[in-house]
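1. kindly generate the corresponding structure for this input.
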Amino acid sequence: MLNKPQGYVCSTDDPDHPTILYFLDEPVAHKLHAADGWISTPPGWCWMTDDGQWSHRITSPRHHCEKTYLVALESPLAEGTAELFAKGVQLHNEKDLTKPALLEVITPTEVRLTISEAATIR
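-> Got it, this is the predicted structure:
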């Protein structure tokens, strides 16, 4: 696991953003896979592996591997948002809805999000 700082993406190849490989001083760094469902610039944990099959199993939507995230919100969640996630949401510049997701409200500014497909958040 790598605790990635703000501004870096959980990817080993991104022409537009600095990647987590910057932090790895390993001769085999180019063989590593970022096994994380989120390719994002906010800080957070990123799973790293040299096992491409394992990485594919946990990140490919085809395998339906659910991932649960604890999310802190800047402002309270709008009413009805959990129901929208249950139907699938429209991401920016995407033509299809996401797969349904479970959004559980813990507090007005904290939720638990369970998804079964990767998303790109920048």
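2. most distant residue from the middle of the protein?
-> Pro27 (26.4 Å; Cα atoms, centre = their mean).
3. what about that residue, distance to Leu2?
-> Pro27 sits 17 Å away from Leu2, going by Cβ to Cβ, to the nearest Å. C-betas here are computed from N, CA, C, even on glycine.
4. ok, now Leu103?
-> According to Cβ to Cβ, Leu103 stands 27 Å off from Leu2.
5. which non-adjacent residue is nearest Arg57?
-> Spatial nearest neighbour of Arg57, excluding adjacent residues (Cβ to Cβ, 6 or more residues apart in numbering): His63 at 5.1 Å.
6. can you count the residues close to the one you found?
-> 11 (other Cβ atoms under 10 Å).
7. could you chop this protein up by domain?
-> If you go by automatic domain parsing, the domain ranges for the chain are 1-59, 66-122.
8. and the ones you listed, which is most packed in?
-> Neighbour counts (mean count of other Cβ atoms under 10 Å) averaged over each of these peak at domain 1-59, with a mean of 15.
9. any idea how far that domain is from the chain center?
-> Relative to its chain's centre, domain 1-59 lies at 11 Å (Cα atoms, centre = their mean, to the nearest Å).
10. tell me where this structure has helices.
-> 52-59, 81-87 (DSSP state H).
11. and these as CSV, adding distance to Lys31 and mean pLDDT?
-> Converted to CSV, those look like this (distance: least, Cβ to Cβ, whole Å; pLDDT from 0 to 100):
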stretch, distance to Lys31, mean pLDDT
helix 52-59, 9, 80
helix 81-87, 36, 94
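12. many thanks, have a good one.
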